[in-house]
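J.: Take this sequence and fold it.
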Amino acid sequence: MPAAKPPLVLMAHVTAAHGIRGDVTLRSYAEDPHDLAEYKALVDETGGRRFEITALRVTAKGVVAHFKGIDDRTAAEGLRGLALHVPRSALPAAEAGAYYNVDLVGLAAFSPDGARIGTVIAVENFGGGPLLELRRAGVRETDYVPFTDAFVPVVDVAAGRVIVVMPVMVGDPEPASASGDDGQ
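T.: Residues are numbered from 1 along each chain as shown. Okay, the predicted model is just below:
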């Protein structure tokens, strides 16, 4: 069985070619965009292609970088849309009480009353804020839960778990009344 690939952390996207000498403009997700140059290499989402930054500058329009071996505009244009990652192991340890999103993948999800809900399989953001994607026990489809204190009040990476308050979806049937009154 092949060894599992180390988890990757998204650091930047190539947004455009910049100039004629192979530079690219990046949208950086690093807290300080200058930090991108500190990594030996960024990799694509498969981890198979490496991109060594040989020059980097931060401008008002974004981060401009040059990669070793990308020496003309045509080659740079071919990178547009490329997601650039680093292995999780290349990042510094998270501060106490903090974590990287990739550290949440694989954590067990429990309800506030201790019932097992499932497993966190991803942290996504489609533009409306972060969401935890959960694979629920015994269910093929996944569910998304807003990654806010109201829905995820406890994140305990060391213990390998999160507490999740599952949202009630519009259109879901109302829970049965405890009194047995059917409203008639």
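J.: Which pLDDT value goes with A115?
T.: For A115, the model assigns a pLDDT of 93.
J.: Packing partners of the helix or strand encompassing L134?
T.: In this structure, L134 sits in strand 130-136 according to DSSP states H and E. If you count contacts as 3 or more C-beta pairs under 8 Å, 6 or more residues apart in numbering; DSSP states H and E, strand 130-136 packs onto strand 116-125, strand 142-146. C-beta coordinates here come from the backbone N, C-alpha and C atoms, glycine included.
J.: Now the last one: buried residues?
T.: The neighbour-count criterion (16 or more other C-beta atoms under 10 Å) identifies 143, 145 as the buried residues of strand 142-146.
J.: Tell me the strands beside whatever helix or strand comes next after that strand, with direction?
T.: Counting by DSSP H and E, the element after strand 142-146 in chain order, helix or strand, is strand 154-156. Strand pairing for strand 154-156, determined by DSSP bridges: strand 161-163 (antiparallel).
J.: How about residues contacting the strand it pairs with?
T.: The contact list for strand 161-163 (C-beta atoms under 8 Å, 6 or more residues apart in numbering) reads 104, 107-112, 120, 132, 152-156.
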